[in-house]
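Peer 1: fold the stuff below for me.
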Amino acid sequence: MPLMLALGFTSGLPLALTGGTLQAWLTTAGVDLTTIGIFTLVGLPYTLKFLWAPLMDRYVPPWLGRRRGWMLTTQLLLGASILALATTDPVHAPVTVAALALLVAFASASQDVTVDAYRAEALTPAERGLGAAVSVVGYRIAMLLTGAGALVAAQFLGFPTVYVLAAGLLVVGLAATGLGPEPIAINATHGLPPSSLRAAIEEPLREFFMRPGARSLLGLIILYKLGDAFAGSLTTAFLIRGVGFGVGEVGAINKGLGLVSLLLGGLVGGAWLARLGLYRALLLFGMLQGVSTLTFSILAWAGKSYTLMVIAVGFENLAGGMGTAAFVALLMGLCDPRYTATQFALLSALAALGRVYVGPAAGFVVDAVGWGNFFVITSITALPGLILLVKLRKRLELHSDDRMTS
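Peer 2: Numbering: from 1, shown residues only. Take a look at the predicted model:
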């Protein structure tokens, strides 16, 4: 678990450095808004990482093994690119800044691919839920440091120095990579890595779709967190515009309490998953996710109430964190160790589809039915995933817990 915490921390470090923190640097430097808007495209590698994930399944670096070797390589590239970014001038060399920010995002996304694969292979089925939750805790801590923490520090030290310090924090990941064991399941029970790059691209898809109920499993991946994502897409807007809370109040409760509840939910969910088993945990946590969004309906109908706001935000994030722990454990269990990097990258990208497409629809639904009914609809949206989960019980147990321990 300390290893999962450290690797989660290292994965979370770069995200804000190419997102909100970089945007703040550009803004304070006087870069025009059009250019700042274009800079949001540097985050594309995070959504396209499945395209080069097969390379990390096929090739084995000549140091530390297949998983740790790639982790070390991406971490060194990440540190070098962050340090290089710290030496640039956003006003006089915006193209250079953009290129280096894109390189940071590419190295970060590549590190995510191999860390996800390492976690899936190194953890036993009983450890996956808690391992995923601990990783999220490390990830969020790192995001706070390079997000809010970086903005505070930049007032006194300047952004270049902040980026240098952020690069130095990668020593946490380097230490974890050096000290952690290389997963041995790949050689012990599951054969050799793909024999060619073509095989690394084709075989992960062929292996997955040859499983009984493969398409239904993909449907579950899309639908399981859909209701939660639907509600979360407009939660902040609802609290400010729909109920009338101030921005500061929303920041303190929705973001502060929400983060604490989310992390606590992940840890509790991970611990319970080991006792309940994957299927029962997914079912229970999925039901809690669906019910939790109804608390926002109660808040909408009751009107402005700090007590109800705390209950709604706390419950929704607690249930969401529990569901996320079980869901990540599901993704890990569905990966064949020969192709973990490729399959996990593809499955996680597929899981993001729901979050991408429900957001634009949410505003139209609110306009049509109002806030209270909107959150009722988001709760109902969770039902198809739960129904599919029940139908897939036997296949899910076969292709997650059992197939990884057989």
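Peer 1: need the three-state assignment for the residue nearest to residue 322 when sequence neighbours are not counted.
Peer 2: Take residue 322 and drop its neighbours on the chain: the residue closest to it by C-beta to C-beta, 6 or more residues apart in numbering is residue 269, 3.2 Å away. Quick note: C-beta positions are derived from backbone N, CA and C, even for glycine. Assigned state for residue 269: helix (three-state reduction, DSSP: H, G, I helix; E, B strand; the rest coil).
Peer 1: measure residue 269 to residue 44 for me?
Peer 2: Relative to residue 44, residue 269 is positioned 31 Å away (C-beta to C-beta, to the nearest Å).
Peer 1: quick one, which of these two is more surrounded?
Peer 2: Legend: neighbour count by other C-beta atoms under 10 Å for residue 269 and residue 44, higher for residue 269 (30 against 13).
Peer 1: wait, the more buried one sits on residue 328?
Peer 2: No - counting by C-beta atoms under 8 Å, residue 269 stays clear of residue 328, with 9.8 Å between them.
Peer 1: now do residue 403, the pLDDT please.
Peer 2: Note on residue 403: pLDDT of 44.
Peer 1: mind starting the numbering at 225 from now?
Peer 2: Fine by me, first position is 225 from now on; the one you just mentioned is residue 627.
Peer 1: quick check: mean pLDDT of the helix or strand residue 246 falls within?
Peer 2: Using DSSP states H and E, residue 246 sits within helix 244-253. Regarding helix 244-253, the rounded mean pLDDT is 81.
Peer 1: excluding covalently adjacent residues, which one is nearest to residue 508?
Peer 2: Nearest to residue 508 is residue 500, by C-beta to C-beta, 6+ apart, at 6.7 Å.
Peer 1: returning to that earlier point: quick check: buried residues in the helix holding residue 246?
Peer 2: Neighbour-count burial for helix 244-253 flags 244, 245, 246, 247, 248, 249, 250 (criterion: 16 or more other C-beta atoms under 10 Å).
Peer 1: can I get those residues in CSV with distance to residue 233?
Peer 2: CSV is the format used below for the buried residues of helix 244-253 (distance: C-beta to C-beta, whole Å):
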residue, distance to residue 233
244, 18
245, 16
246, 20
247, 22
248, 22
249, 22
250, 26
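Peer 1: closest one to residue 573 out of these, please.
Peer 2: residue 244 (22.4 Å; C-beta to C-beta).
Peer 1: find the residue ranges of this structure scoring beneath the pLDDT cut-off.
Peer 2: 257, 408-416, 471, 478-479, 578-584, 621-630 (pLDDT under 70).
Peer 1: can you pull up the most central residue in it?
Peer 2: A centroid search over the chain (C-alpha atoms, centre = their mean) returns residue 360, at 7.8 Å, as the residue closest to the centre.
Peer 1: can you get me a residue count around the closest residue to it other than its chain neighbours?
Peer 2: Spatial nearest neighbour of residue 360, excluding adjacent residues (C-beta to C-beta, 6+ apart): residue 490 at 4.9 Å. As a burial measure, residue 490 scores 29 neighbours (other C-beta under 10 Å).
Peer 1: against which helices or strands is the helix or strand that contains residue 490 packed?
Peer 2: In this structure, residue 490 sits in helix 482-500 according to DSSP H and E. On a contact count with 3 or more C-beta pairs under 8 Å, 6 or more residues apart in numbering; DSSP states H and E, helix 482-500 meets helix 352-368, helix 502-516, helix 530-557.
Peer 1: list the contacts of that helix.
Peer 2: Outside helix 482-500, the residues within contact range by C-beta atoms under 8 Å, 6 or more residues apart in numbering are 350-358, 360-361, 364, 505, 508-509, 537-550, 553.
Peer 1: tell me the domain boundaries of the protein?
Peer 2: 226-407, 423-629 (automatic domain parsing).
Peer 1: how many other residues sit next to the closest residue to residue 539 other than its chain neighbours?
Peer 2: Spatial nearest neighbour of residue 539, excluding adjacent residues (C-beta to C-beta, 6+ apart): residue 516 at 4.7 Å. A count of nearby residues for residue 516, using other C-beta under 10 Å, gives 29.
Peer 1: same question, the one 10 residues further on
Peer 2: Taking other C-beta under 10 Å as the neighbour definition, residue 526 ends up with a count of 12.
Peer 1: and the closest residue to residue 601 other than its chain neighbours, what element?
Peer 2: Setting aside the residues directly before and after it, residue 601 is nearest to residue 589 in space (C-beta to C-beta, 6+ apart), at 6.3 Å. If you go by DSSP H and E, residue 589 is part of helix 564-593.
Peer 1: toward the C-terminus, what is the element adjacent to that helix?
Peer 2: For helix 564-593, the following helix or strand on the C-terminal side (DSSP H and E) is helix 595-605.
Peer 1: after that following helix comes which helix or strand?
Peer 2: helix 607-615.
Peer 1: output the helix or strand following that following helix in CSV with nothing but the alpha carbons.
Peer 2: Following helix 607-615 in sequence order, the next helix or strand is helix 617-621 (DSSP H and E). What follows is helix 617-621, C-alpha atoms only, in CSV (Å, rounded to 0.1, in the frame of the first residue of the first chain):
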residue,chain,number,x,y,z
ARG,A,617,-22.8,-11.7,-12.0
LYS,A,618,-21.4,-15.1,-13.0
ARG,A,619,-19.4,-13.9,-16.0
LEU,A,620,-18.1,-11.0,-14.0
GLU,A,621,-16.8,-13.2,-11.2
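Peer 1: how about residues contacting helix 617-621?
Peer 2: Contact partners of helix 617-621, identified using C-beta under 8 Å, 6+ apart, comprise 435, 436, 437, 440, 441, 444, 501, 502, 503, 506, 554, 613.
Peer 1: any idea how far the residue of the chain positioned farthest from its centre is from residue 255?
Peer 2: No residue in the chain sits farther from the centre than residue 316, which is 34.2 Å out by C-alpha atoms, centre = their mean. Shown here: residue 316 relative to residue 255, a distance of 11 Å by C-beta to C-beta.
Peer 1: all the helices of the stretch 375-524 of the chain, residue numbers only.
Peer 2: 383-392, 395-403, 409-412, 421-433, 438-447, 450-456, 459-461, 471-474, 482-500, 502-516, 518-526 (DSSP state H, counting those that start in this stretch).
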